[in-house]
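J.: the following comprises the amino acid sequence and a computationally predicted model.
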Amino acid sequence: MVIHYKCPNCGDDMAFDSQSGMLSCSSCGRKDRIEDFSEEFITTTFSDDEAREYHCKNCGAVLITEADTVATTCSFCGAGVVLADRLSGVLAPAKVIPFTVSKDEAMKAFKRWCKNGRLTPKGFMTSDRVKAITGMYVPFWLYDLNSKIKVNAKCTKVRTYTRGDYIYTETRYYDVYRDINLDYVKVPVDASEKMDDELMDKLEPYNYSDLKDFKTPYLAGYIAEKYSYTDSELLNRAKSKIEGYIENYIKTTVATYSSVNYRWREINTRQRRAYYVLLPVWMLYYDYDKAEHTFAMNGQTGKVVGKPPISISKVVMWFGGIAGITFTVLRLLSFVMGGVF
Amino acid sequence: MEKRLYINRLLFFFICFFVIFSFVNVSRAASNDKQRIYDFAKLLTPQEIEELEELSAKYSAKRETDFIILTTDDTRDSDVVGYMEDFYDENGLGYDKDHGNCGILTVDMHNREVYLAGFYKAETYLDDARLDRIRNKITPDLSGGDYYNAFRTFIKTSYKYMGVRPGVNPDNILFNLWFQIIVSLMTAGIIVGFMAYSSGGRMTVGGSTYKDGRRSRIIARRDDYIRTSTTRHKKPSTDGNGTGGFMGGGGGITGGGHSHSGSRGSF
C-alpha cells in the first residue's frame, strides 16, 4: 500500500511543511490540517513482505526502497510517498515529533555552526560543499523505566580537633540503609541499525511537548525508516543509559558522610512502557579534503553534532596563544607580587 | 580572515614580550677582579675557589651586591659574628663602595658555626628571615662536608632572593620560571584538548533530564550509629629550626658602625 498526497485543488504533489506544521502544496499554496486526515491507512493491516514491489501512485514507476524505508520520494517524478503497510500493526509508531527546522534553515544553521568551529580548517568554514542534505524520521524507542534500589553501606564521619598538644581524629561509624524509587520517563534509544548510536545520543534532548499522535502525512516529502530492533532487544541499552544517573542519585543520598563503603546494593530496573516514535533528524553529508564527513542535526532544536576535520595549524595557534597569554599573566603576577622578572 | 590576523598579531606581541623579559637581566655584563672567596680554613681546592669566584662575580654584578664566602679556623678571641664584623670593617667590603652592599657567609670551623649577614641593600633584601631560609638550605651540605656545594647554593639562593621584593615569601612557587612554563603549557593543553573534544557536539542531557521528579524519591532510610574510634597524635612543633644548632640572634652593628642582618647556627 503506497500513499501519495495529491492536492485536491490543483493535483500537484503535497508535502509536509515544517513552518506551518501542515500538509501543503507548493504549486497553489493549499494547506491541510494533518489532524483532519483520516486514520484508515495506519490501522489497516497488510502483510509485511520485504521482497514486495511498490509502484508510485503519481507516475507508476517502480519505487526503489530498502527493506527499512517507510517514507521516501519517487526517484522518477519526485513525489513524496509513504509505504503504509510498513507503518501498520506492530510497526505503527505511537507518536512523532514533526520537523520544525526547514531545509533552508538547516543549511543556514549548519553553515553558522561550521563558522563557529574554532579548530576547523579555513576552507571548511567558507566553502559550500554540502553534498547532500536529507530530512529523516529516525525510529526511536522511548522507555519509561522504573528502578527499585536498595543499598546498605558502612559510612563514616570524620572530625578532627585539637586539645592541648594533641590532634584528635574522631571517626564515627554508621550502618546506612536506603530504599529508593526512581522513575525515568521517555528515555530515547535509537532503533535504526544504520544510525550511529553515539551521534544520536548527542542529538538529545528533544522537546517532548511537541510529541504528536502519529499520522502518515507528517512523513510526506521526507525519508523515514522503520525500527530494526524491538523494544525488548534495546532494553539493555536503555538501562545502561540511566545507569550513571542512578549511580549519582545514590551518591547524593549519602553525601553527608566522609566515606561510603557499600556492603550490598540491589538495583532492579524494569520497563514500565515503551513507545515507538519517529524523531526528526537532518543528515548532512559534506565532502572535504577527499573525505566524507557526516553530520546530524536535531530537526526540532537545530543542535548539530558530528566530527568536523581539525586543522593542525589552528590547534597550534590556539595552543600558542593560550600558553603565551597564561605565561605573560603569570609573569606579570609574579612581578606585581614580588618584583620578580 | 580578520580574526586570524588579529590572533597572529597577538601572538607576535607575546613573543616580543617574552624575549624582552628574558634578556633584561642578562644584558648587564659582569666583570671585575675583586676577591670574594676568602678560604682561610682551606676547605676548597684552588679550582673550586676559581669557579666560585667566577660565579660570585657574575651574580654580584647583577644584584650590585657582593656575595662573599669567608672561612676560618681561628676567630681571634671573638665569636663568628665578631670575626665577620671585624673582617668587614678592616677590608672595606662592598660592591658599590668601601663598606657597601654585600652578603657574607662566614664559616667558623673551630666551633663549627655558620653565620650569614647582609649589609645595606642586602640588609633589606636578605633580612633575618630570608637568611634563616638560606642557612636551613645549606646546613645539611655543611654538616656533610660538601662545602663547595653549600657555597654555591648560598650564592645562587641569595641572588634569587634579592630579586624578590622584601617582605614577600621568596620561595613562592609562582616565581619559578619552570613553574610558569609548565602551568602555561598545561592550561593551553587542557583548553585546546577540550575544544577538540567538544568540536563534534557535546552531551547535553544529564540525570535530571528524564527523571520523573514526582515519583522519584527515597522511600525509606536508616542511619544507625555503631561506634566511635578516636586516634590522637602530637602536634608538630611550631618552631621552624629543625636542622639542629641554635637560632642566631639576628643582625647587629659592626665596630665601624655598619648595621647588618644575620642568621646564626651550628652545623
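T.: Yep, it's here. Numbering: from 1, shown residues only, chains lettered A, B, ... in the order given.

J.: all contacts plus neighbour counts: C-alpha atoms, from now on.
T.: Will do.

J.: for stretch B:119-131, buried residues please.
T.: B:Phe119, B:Tyr120, B:Lys121, B:Ala122, B:Glu123, B:Thr124, B:Tyr125, B:Leu126, B:Asp127, B:Asp128, B:Arg130, B:Leu131 (16 or more other C-alpha atoms under 10 Å in any protein chain shown).

J.: now swap in stretch A:118-125 and tell me
T.: For stretch A:118-125, by 16+ other C-alpha under 10 Å, it's A:Arg118, A:Leu119, A:Thr120, A:Pro121, A:Lys122, A:Phe124, A:Met125.

J.: out of those, which touch chain B?
T.: When C-alpha under 8 Å from any C-alpha of the partner chain is applied, the members of the buried residues of stretch A:118-125 adjacent to chain B are A:Arg118, A:Leu119.

J.: which parts of stretch A:135-150 are buried?
T.: A:135-150.

J.: I meant to write stretch A:101-110 there.
T.: A:Val101, A:Ser102, A:Lys103, A:Ala106, A:Met107, A:Ala109, A:Phe110.

J.: which one of these is nearest chain B?
T.: Ranked by distance to chain B (C-alpha to the nearest C-alpha), the buried residues of stretch A:101-110 are led by A:Phe110 at 12.4 Å.

J.: beta partners for the closest residue to the closest one other than its chain neighbours?
T.: Among residues not flanking A:Phe110 along the chain, A:Val304 sits closest, at 7.1 Å (C-alpha to C-alpha, 6 or more residues apart in numbering or on different chains). Taking DSSP bridges as the rule, A:Val304 bridges to A:Met297.

J.: picking up where we left off before, and the furthest pair within the buried residues of stretch A:135-150?
T.: For the buried residues of stretch A:135-150, the farthest-apart pair by C-alpha to C-alpha is A:Gly135 and A:Lys150; their separation is 44.8 Å.

J.: what stretches of the stretch 151-267 of chain B score poorly on pLDDT?
T.: Across the stretch 151-267 of chain B, the ranges flagged by pLDDT under 70 are B:237-249.

J.: how does it look with 50?
T.: Along the stretch 151-267 of chain B, the model assigns pLDDT under 50 to residues B:239-245.

J.: make sure B:Glu123 is indeed in a helix.
T.: Yes: checked against DSSP: H, G, I helix; E, B strand; the rest coil, B:Glu123 lies within a helix.

J.: my guess is it meets B:Ile253, correct?
T.: No: contact between B:Glu123 and B:Ile253 fails when scored by C-alpha atoms under 8 Å: they sit 11.4 Å apart.

J.: scan chain A for its longest helix.
T.: helix A:312-338 (DSSP state H).

J.: in that one, which residues are buried?
T.: A:314-315, A:317-328, A:330-331, A:333-335, A:337-338.

J.: following element in sequence after the longest strand seen in chain B, please.
T.: Counting by DSSP state E, the longest strand found in chain B is strand B:217-234. Sequence order places strand B:252-253 as the next helix or strand after strand B:217-234, per DSSP states H and E.

J.: contacts for the next helix or strand after that following strand?
T.: The helix or strand immediately downstream of strand B:252-253 is strand B:259-266, counting by DSSP H and E. Contact with strand B:259-266 is made by B:111-120, B:123-124, B:126-129, B:131-132, B:135, B:244-254, as judged by C-alpha atoms under 8 Å, 6 or more residues apart in numbering or on different chains.

J.: chain center to strand B:259-266: distance?
T.: Remark: strand B:259-266 is offset 17 Å from the chain centroid, using C-alpha atoms, centre = their mean, to the nearest Å.

J.: partners of it, with directions?
T.: Sheet pairing of strand B:259-266 (DSSP bridges) gives strand B:113-119 (antiparallel), strand B:252-253 (antiparallel).

J.: ok, which of these comes nearest B:Arg202?
T.: Going by C-alpha to C-alpha, the one of these nearest B:Arg202 is strand B:113-119, 59.6 Å.

J.: could you export that closest one as PDB, CA atoms only?
T.: C-alpha atoms of strand B:113-119 as PDB (Å, rounded to 0.1, in the frame of the first residue of the first chain):
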ATOM      1  CA  GLU B 113      79.300  27.600  63.400                       C
ATOM      2  CA  VAL B 114      77.900  29.400  60.400                       C
ATOM      3  CA  TYR B 115      76.800  33.000  60.200                       C
ATOM      4  CA  LEU B 116      75.100  34.700  57.300                       C
ATOM      5  CA  ALA B 117      75.000  38.500  57.200                       C
ATOM      6  CA  GLY B 118      73.600  41.200  54.800                       C
ATOM      7  CA  PHE B 119      74.800  44.800  54.600                       C
END
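
J.: and that strand, how far out from the chain middle?
T.: 17 Å.

J.: now stretch A:284-291
T.: 22 Å.

J.: CA atoms of it as PDB?
T.: What follows is stretch A:284-291, C-alpha atoms only, in PDB (Å, rounded to 0.1, in the frame of the first residue of the first chain):
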ATOM      1  CA  LEU A 284      24.300  16.300   6.200                       C
ATOM      2  CA  TYR A 285      27.000  14.800   4.000                       C
ATOM      3  CA  TYR A 286      29.900  17.000   3.500                       C
ATOM      4  CA  ASP A 287      33.000  16.500   1.200                       C
ATOM      5  CA  TYR A 288      36.200  17.900   2.500                       C
ATOM      6  CA  ASP A 289      39.700  17.000   1.500                       C
ATOM      7  CA  LYS A 290      38.700  13.800  -0.300                       C
ATOM      8  CA  ALA A 291      36.900  12.500   2.800                       C
END
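
J.: close to chain B, is that stretch?
T.: No: using C-alpha under 8 Å from any C-alpha, stretch A:284-291 stays clear of chain B, with a minimum separation of 13.6 Å.

J.: any residues touching that stretch, and which ones?
T.: A:124, A:129-134, A:292-297.

J.: least confident pick among those residues?
T.: Of all those, A:Arg129 carries the smallest pLDDT score, 71.

J.: got the contact list for it?
T.: A:Tyr286, A:Asp287, A:Tyr288.

J.: can you check B:Val81 too?
T.: By C-alpha under 8 Å, 6+ apart, the residues touching B:Val81 are B:Tyr115.

J.: quick one: it and A:Ile180, what's the gap?
T.: Going from B:Val81 to A:Ile180 by C-alpha to C-alpha, to the nearest Å gives 75 Å.

J.: then A:Lys115?
T.: 46 Å.

J.: now swap in A:Ala61 and tell me
T.: 59 Å.

J.: surely A:Lys57 is within a helix?
T.: No: per three-state DSSP, A:Lys57 lies outside any helix segment and is coil.

J.: residues near it, how many?
T.: When neighbours are counted by other C-alpha atoms under 10 Å in any protein chain shown, A:Lys57 registers 18.

J.: kindly report the same for the one 3 residues further on.
T.: Burial measure for A:Gly60: 12 neighbouring residues, criterion other C-alpha under 10 Å.

J.: and what of A:Val81?
T.: Neighbours around A:Val81, by other C-alpha under 10 Å: 30.
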